[in-house]
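Enquirer: sequence and computational prediction follow.
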Amino acid sequence: MTLIEHLEELRFRLFISAVFVVIGLGVSVYFGEELIDFLKEPAEKKNPDFSLQFIEPFELFVTYFRVSLLGGLILGMPMIVYQGLRFVGPGLRPRERVWLYGTVVGACGLFLAGVAFAYYIALPPALDFLLDFGGGNIAKANIRVGSYVDFVTRLLFWTGVAFETPLIVMYLARFGVVRAGQLLRWWRYAIVGAFIIAAIVTPTIDPVTQSIVAGPIIVLYFLGIVLAVFVQPKKPGPSD
């Protein structure tokens with residue numbers, strides 16, 4: 001294919017992806033209130049009187065649209081990934097295609113697992129700490145809807161990204177940057193790094209919440225070492 005034909009192919013793939021994102025956006029707009037209620041649910045379980053407010057005319061509208069756009073991107077993501085694979089697939093060898101498809105499936109699965117972990121496991125204790133800090137004697141929680149949605153979605157997203165650790169470790173070994181033995185010897189640094197990542201990802205400073213997030217990252221790091229053993233290039237033998 002010529003350069004112009006590649007660009008036309010890319011434009012077509014982007015157009016199809018955009019159409020499905022717009023369709024997903026329409027679906028998410030229709031269920032936007034339910035999506036926001038879903039994000040509010042962990043806080044409401046901790047505090048039945050929990051409610052959100054908006055203090056600017058466009059704040060609720062912008063938040064509603066942001067949540068709907070996020071939902072549209074999530075619903076359209078399978079088609080975006082599919083169109084991306086269709087675009088790069090013809091230029092890959094069969095073995096490279098297997099690697100690419102496996103990586104995409106693994107990355108999506110790990111990201112969704114991280115989002116689910118953040119929502120069901122990490123978010124409740126974080127909200128418990130933040131909303132009940134001071135026992136409610138200092139001030140009452142009266143949170144803006146934009147701030148709350150931004151806080152929750154950031155936690156979900158970055159925890160999902162942190163769950164990509166095994167793939168990152170695996171590919172570092174696959175390209176010969178590190179060896180599995182080196183990664184195993186660096187386990188102390190990995191534990192410290194996991195807690196640093198948890199401190200960045202989690203919105204609270206309490207050690208319990210950070211440990212809840214850091215624990216799976218440490219486990220995923222060692223899972224990455226196991227994968228690295230199988231994919232790392234073999235060392236040349238003495239006869240080589």
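Expert: Received the coordinates, thanks. Numbering: from 1, shown residues only.

Enquirer: max-length helix in this protein?
Expert: helix 59-88 (DSSP state H).

Enquirer: mind listing the strands for the chain?
Expert: Listed from the start of the chain, the chain has strands (DSSP state E) covering 52-53, 143-144.

Enquirer: so L223 sits against P166, correct?
Expert: Yes. L223 lies in contact with P166 (C-beta atoms under 8 Å); the separation is 4.7 Å. (Each C-beta comes from the backbone N, C-alpha and C, glycine too.)

Enquirer: pLDDT weak spots in the chain?
Expert: For the chain, the stretches flagged by pLDDT under 70 are 1, 91-92, 96, 133-139, 141, 203-206, 235-240.

Enquirer: which residue ranges make up the domains of it?
Expert: Each domain of the chain is listed here as a residue range: 1-160, 164-232, per automatic domain parsing.

Enquirer: just say which of the ones you listed is most tucked in.
Expert: domain 164-232 (a mean of 17; mean count of other C-beta atoms under 10 Å).

Enquirer: that older thread, chain center to the longest helix of the chain, what's the gap?
Expert: 14 Å (C-alpha atoms, centre = their mean, to the nearest Å).

Enquirer: which strands and helices sit next to it?
Expert: helix 3-30, helix 32-46, helix 94-117, helix 145-162 (3 or more C-beta pairs under 8 Å, 6 or more residues apart in numbering; DSSP states H and E).

Enquirer: what residue lies at the spatial centre of the chain?
Expert: The residue lying closest to the centre of the chain (C-alpha atoms, centre = their mean) is G160, at 2.5 Å.

Enquirer: excluding its backbone neighbours, what's nearest it?
Expert: G114 (3.7 Å; C-beta to C-beta, 6 or more residues apart in numbering).

Enquirer: repeat for I80
Expert: Using C-beta to C-beta, 6+ apart, the nearest residue to I80 is S17, at 4.5 Å.

Enquirer: doesn't P78 make contact with that neighbour?
Expert: No. With contacts defined as C-beta under 8 Å, S17 does not count as touching P78, sitting 10.1 Å away.

Enquirer: ok so, going back, distance of the residue nearest to I80 from V115?
Expert: Per C-beta to C-beta, to the nearest Å, S17 is found 21 Å from V115.

Enquirer: check V98 too.
Expert: 26 Å.

Enquirer: then L7?
Expert: For L7, the distance to V115 - C-beta to C-beta - is 34 Å.

Enquirer: which residues touch the residue nearest to the centre of the chain?
Expert: Residues in contact with G160, defined by C-beta atoms under 8 Å, 6 or more residues apart in numbering, are 110-115, 118.

Enquirer: ok, back up a step: dump the strands of the chain into JSON lines; add distance to P207 as well.
Expert: JSON lines is the format used below for the strands of the chain (distance: least, C-beta to C-beta, whole Å):
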{"stretch": "strand 52-53", "distance to P207": "28"}
{"stretch": "strand 143-144", "distance to P207": "24"}
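
Enquirer: the ones you listed: which one's closest to I200?
Expert: Comparison of those against I200 by C-beta to C-beta identifies strand 143-144 as nearest, at 21.9 Å.

Enquirer: for the closest one, which helices and strands make contact with it?
Expert: Contacts defined by 3+ C-beta pairs under 8 Å, 6+ apart place strand 143-144 against strand 52-53.

Enquirer: phi, psi of D49?
Expert: phi -90, psi 10 (degrees, to the nearest 10).

Enquirer: which residues does the residue nearest to G160 contact?
Expert: So G114 contacts 159-164 (C-beta under 8 Å, 6+ apart).
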